[in-house]
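Student: output the structure for:
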Amino acid sequence: IETPAFDRLAGQSTVFTRAYTQYPVCGPSRTSLLTGVRPESNGVLDLKTRMRDIDPDVVTLPQHFKNNGYVTAASGKVFDPRNVDSRDDDDPASWTIPYKQPIRRADTQGDVRWAVLPVDAPEDQFVDGDINKRGISLLREMAADPRPFFLAVGYKKPHLPFTVPTTYFDKYERDSFALAPFQSAPKNADASYLLWNINEMRSYVPTPPPGEEPAPYPEVFTADQQRELIHGYYAAVSFIDNLLGQLLQELEETGQADNTIIVLWGDHGFHLGDHGMWGKHTTMEQANRVPLLIHVPGHAGGTTATMAELMDLYPTLVELAGLPVATHLQGKSLVPVLQDPSVELGDVAISQYKRKGAFGYSMRTDRYRYTEWVMPDGSVVYRDLYDMENDPGETVNIGALPENAELMAEMAALLRANRTGLLRLQVGHN
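Tutor: Predicted coordinates for the structure are as follows:
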């Protein structure tokens, strides 16, 4: 994907190649990152629970900075609006400058919910363009303030629908896109836990062939439909890359670039046809691995394969800023890795999802992805294991093989050794 701004930032940052969300859905993922604890600990495991209804006294990451003298502000989607006080006010306790809802113009859809739609309109007419415009305005205001600042800019794309300026579609030849090579359920696996009917994607419709009426996606997406979606995803990422470049250029022009920590993160991954999936909502690698770049002035940066979790950002930023350490956090500080990318911090990263009444706890190690589906009483109803070294596409569940019984026991023990915040594993297991 053409991403010159991402690439420049990566060249100045520590790049985490093994960073993982704690929950592959936007609301719970963001709440986990911004509270520094796992979803079961903050109570947000869906898109309707408001975090302060569960814990009115929770101190979020930006709120911690605010409480320690920082001016804090947000533009766009930082918290999920469904998990805070209101869509218009966001989480007032977190922000010094009141939140302002972004405006959607050019990307407002009509009666048909197109999954992919090029629109010939100026960038600032799109919701992400408006988010960036306000982000730049806030940056100017905060950089001129003598107090230190914490600014969060949350772009919406490449979230569905892929409605972005036409110019970004023009960067790519649709016929050049290769389709995911493996589009089935893994061998020896129970697909009823692993996979789903991609309802989010099916709430949109593909562009029909010329002369035909819009129709829902078929059970199996055609090659043309798949290439259209990949094209839309690429265009959306390039659009956001350009906006990021504008934001970073503004930071340079304020004179604060050499005094500002920058973190770029994504709230979850996205299946682009692998396993027949489009979107997130699985315990598999593609839905849970996320981008994570951390730029710290004075640090050389580099690439690290240490296991990182998004909830590690809270303690990391607190330490970098020299603020008092919050004792409730469940993540670890990544500062040692920022100082030396060869440092290994911990040996696992854990994500979770829910399906059929069970929580799927999915643990990534250096070599394996191991998942247990656990009921409220602690009983385990399904397990699988993938050799990510020899089978990075997760095509065969080797946990079902008798010769791996000892390995499965080792994985179960390792998961439980890291069960802080995984409440159903506190109950016990069979």
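Student: tell me the pLDDT at the residue sitting nearest the centre point of the chain?
Tutor: Compute the mean C-alpha point of the chain, and by CA atoms, centre = their mean the closest residue is Asp267, 1.7 Å away. On the pLDDT scale, Asp267 is placed at 98.
Student: likewise Glu394?
Tutor: 98.
Student: ditto for Lys157
Tutor: pLDDT at Lys157 comes out at 97.
Student: verify the assumption that it is located in a strand.
Tutor: No: per DSSP: H, G, I helix; E, B strand; the rest coil, Lys157 lies outside any strand segment and is coil.
Student: which residue packs closest to it, ignoring adjacent ones?
Tutor: Spatial nearest neighbour of Lys157, chain neighbours left out: Ala236 (4.1 Å); criterion: CB to CB, 6 or more residues apart in numbering. For glycine as for every other residue, the C-beta is placed from the backbone atoms N, C-alpha and C.
Student: so that neighbour touches Pro165, yeah?
Tutor: No: look at Ala236 against Pro165 with CB atoms under 8 Å: they stay out of range, at 10.0 Å.
Student: buried stuff in the helix or strand of the chain with the lowest mean pLDDT?
Tutor: Using mean pLDDT, DSSP states H and E, the weakest-scoring helix or strand in the chain turns out to be helix 424-427, at a mean of 89. Buried residues in helix 424-427, counted by 16 or more other CB atoms under 10 Å: 424-425.
Student: which strands and helices sit next to it?
Tutor: Secondary-structure packing of helix 424-427 (3 or more CB pairs under 8 Å, 6 or more residues apart in numbering; DSSP states H and E): strand 358-364.
Student: the strand it packs on: partners in the sheet, and parallel or antiparallel?
Tutor: strand 349-355 (antiparallel), strand 368-374 (antiparallel) (DSSP bridges).
Student: in the stretch 51-200 of the chain, which spans are helices?
Tutor: 51-54, 61-67, 127-143, 166-169, 191-194, 199-202 (DSSP state H, counting those that start in this stretch).
Student: of those, which approaches Ala417 most closely?
Tutor: helix 191-194 (23.2 Å; CB to CB).
Student: tell me what that closest one is packed against?
Tutor: Short answer (3+ CB pairs under 8 Å, 6+ apart): helix 191-194 packs on no helix or strand.
Student: what's it in contact with?
Tutor: Applying CB atoms under 8 Å, 6 or more residues apart in numbering, the contact partners of helix 191-194 are 185-186, 275, 282-284, 355-356, 358, 360, 373, 382, 384.
Student: let me know the closest of those residues to Arg38.
Tutor: Of those, the one sitting nearest to Arg38 (CB to CB) turns out to be Gly360, at 13.7 Å.
Student: show me the shaky parts of the protein.
Tutor: Residue ranges of the chain with pLDDT under 70: 428-430.
Student: with mean neighbour count and distance to Arg419 as added columns, please give the strands paired with strand 358-364 in JSON lines.
Tutor: JSON lines is the format used below for these (neighbours: other CB atoms under 10 Å; distance: least, CB to CB, whole Å):
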{"stretch": "strand 349-355", "mean neighbour count": "24", "distance to Arg419": "9"}
{"stretch": "strand 368-374", "mean neighbour count": "25", "distance to Arg419": "10"}
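Student: any chance of those in a markdown table, with distance to Ser192 too?
Tutor: Output for the strands paired with strand 358-364, formatted as a markdown table (distance: least, CB to CB, whole Å):
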| stretch | distance to Ser192 |
| --- | --- |
| strand 349-355 | 8 |
| strand 368-374 | 10 |
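Student: tell me which of those lies nearest to Arg38.
Tutor: That would be strand 349-355 among these, by CB to CB, at 7.7 Å.
Student: and that closest one, how far from the chain's centre?
Tutor: Strand 349-355 sits 13 Å away from the centroid of its parent chain (CA atoms, centre = their mean, to the nearest Å).
Student: give me the distance between the two termini of stretch 73-84.
Tutor: End-to-end distance for stretch 73-84, by CA to CA, to the nearest Å: 15 Å.
Student: wait, I meant stretch 373-390
Tutor: 24 Å.
Student: tell me the buried residues in it?
Tutor: Under 16+ other CB under 10 Å, the buried positions of stretch 373-390 are 373-374, 380, 382-388.
Student: closest to Met142 out of those residues?
Tutor: Checking the buried residues of stretch 373-390 against Met142 by CB to CB gives Met388 as the nearest, at 41.6 Å.
Student: what's the closest non-adjacent residue to the closest one?
Tutor: Going by CB to CB, 6+ apart, Met388 has Arg369 as its nearest residue, at 5.7 Å.
Student: please name the bridge partners of that neighbour.
Tutor: Arg364, Tyr386.
Student: that one and Gly360 touch, don't they?
Tutor: No: contact criterion CB under 8 Å: Arg369 and Gly360 do not qualify, at 11.2 Å.
Student: joint contacts of these two?
Tutor: With CB under 8 Å, 6+ apart, Arg369 and Gly360 have no common neighbours.
Student: in the stretch 151-300 of the chain, which spans are strands?
Tutor: 162-165, 262-265, 271-272, 278-279, 289-290, 292-295 (DSSP state E, counting those that start in this stretch).
Student: looking at the ones you listed, which is closest to Ala417?
Tutor: It is, among these and with distance given as CB to CB, strand 289-290, at 22.1 Å.
Student: which outside residues touch that closest one?
Tutor: Under CB under 8 Å, 6+ apart, the answer for strand 289-290 is 18-21, 265-269, 310, 364.
Student: redo the residues you listed as CSV? Include distance to Val58.
Tutor: Output for those, formatted as CSV (distance: CB to CB, whole Å):
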residue, distance to Val58
Arg18, 28
Ala19, 23
Tyr20, 22
Thr21, 19
Trp265, 20
Gly266, 23
Asp267, 18
His268, 22
Gly269, 26
Leu310, 17
Arg364, 27
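Student: which one of those has the most neighbours?
Tutor: Scoring the contacts of strand 289-290 on neighbours with other CB atoms under 10 Å, the highest-scoring entry is Thr21 at 29 neighbours.
Student: quick one on the thing from earlier: who touches the closest residue to the residue nearest to the centre of the chain other than its chain neighbours in this structure?
Tutor: Excluding the flanking residues, the one nearest Asp267 by CB to CB, 6+ apart is Ser29, at 4.2 Å. Applying CB under 8 Å, 6+ apart, we find Ser29 in contact with 21-23, 267-268, 310.
Student: in the host helix or strand of Ser29, which residues are buried?
Tutor: Per DSSP states H and E, Ser29 falls inside helix 26-35. Neighbour counts over helix 26-35 (16+ other CB under 10 Å) mark 26-35 as buried.
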